[in-house]
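[1] Sequence and predicted structure, then a few things I'm wondering about:
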Amino acid sequence: MAETRAVIAEQFDDVDQQHEAGKLGMWTFLATEVMFFGGLIAGLVAYRWMYWPTFAVAAQHLKVVLGSINTGVLLTSSLTMALAVHYAQLDRRKALVVCLLITFLLGLAFLSIKGLEYSKEYDEHLVPGLNFSYALYDGPDPPKAELFMVCYFFMTGLHAFHLSIGCLVVLAMAVQAWLGRFRQARFTPIELLGLYWHFVDIVWVFLYPLLYLLHRP
């Protein structure tokens, strides 16, 4: 049937070539993101090694319970995204839409919890450049503790930015899927979105232990 036929751009010979080109483009983009986040994570590790005692105390001010809940939320969203790709391949439109919407809601839950965490840190005067208070900070070497919070807010904020983009795209894909745009051979956009979503989740899997758990007793 015409509605199940893939739309092939003129530069491609067939749908398989178009599919592989899309995957190559996404993997290339993700490789640049790996280098970017990898540099940030390497910098954080270097700072932790240089200022270990101060960073250890500063890390105690993070909300490990909220961070742990968010980790569970994000890992669950990886499962629902994987199921979305699976149902897209099987041309099960309703199941695909449901999984995409659940993924969107889980991403929104993560961002909401992170916003709550940020608000608590603001109340405790831990936001560098905005209200970090050397007088109120109860740990050693406040300038280096502020540096830890700079790393924390920049890296988690950048992650949240990537996740926000992912949530918007997931919602848009859910609408398109409901309209029947991703059927049989036309599931490539869902698969590429899945790769992006899993990458964002993997970044958090690295950030969570490095920021929240490394100095926990």
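    Arrived safely, thanks for sending. Residues are numbered from 1 along each chain as shown.
[2] What separation is there between Y122 and V169?
    29 Å (C-beta to C-beta, to the nearest Å). The way it works is simple: take the backbone N, C-alpha and C, and place the C-beta from them, glycine included.
[3] higher neighbour count, those two?
    Neighbours were counted for Y122 and for V169 using other C-beta atoms under 10 Å; V169 has more, 17 against 13.
[4] Grab the nearest non-local neighbour of the more buried one.
    L193 (5.9 Å; C-beta to C-beta, 6 or more residues apart in numbering).
[5] The one you found: which element?
    For L193, the enclosing helix or strand under DSSP states H and E is helix 188-208.
[6] D91 too?
    Residue-wise, D91 maps onto no helix or strand under DSSP H and E.
[7] now swap in the one 4 residues further on and tell me
    With secondary structure defined by DSSP H and E, A95 is part of helix 93-123.
[8] chain center to that helix: distance?
    Averaging C-alpha positions (C-alpha atoms, centre = their mean, to the nearest Å) puts helix 93-123 11 Å from its chain's average.
[9] which element follows that helix toward the C-terminus?
    helix 142-178.
[10] got the angle between that following helix and helix 188-208?
    160 degrees (axes from the mean of the first three to the mean of the last three C-alpha atoms, to 10 degrees).
[11] what is the orientation angle of helix 142-178 with helix 93-123?
    160 degrees.
[12] So which elements touch helix 142-178?
    helix 15-50, helix 52-59, helix 93-123, helix 188-208 (3 or more C-beta pairs under 8 Å, 6 or more residues apart in numbering; DSSP states H and E).
[13] Now the shortest one: buried residues?
    By neighbour count, and taking 16 or more other C-beta atoms under 10 Å as the criterion, the buried residues in helix 52-59 are 54-59.
[14] How far off centre is the next helix or strand after it?
    Counting by DSSP H and E, the next helix or strand C-terminal to helix 52-59 is helix 64-89. The chain centroid and the centroid of helix 64-89 are separated by 10 Å under C-alpha atoms, centre = their mean.
[15] Then stretch 117-132?
    Worked out by C-alpha atoms, centre = their mean, stretch 117-132 lies 22 Å from the chain centre.
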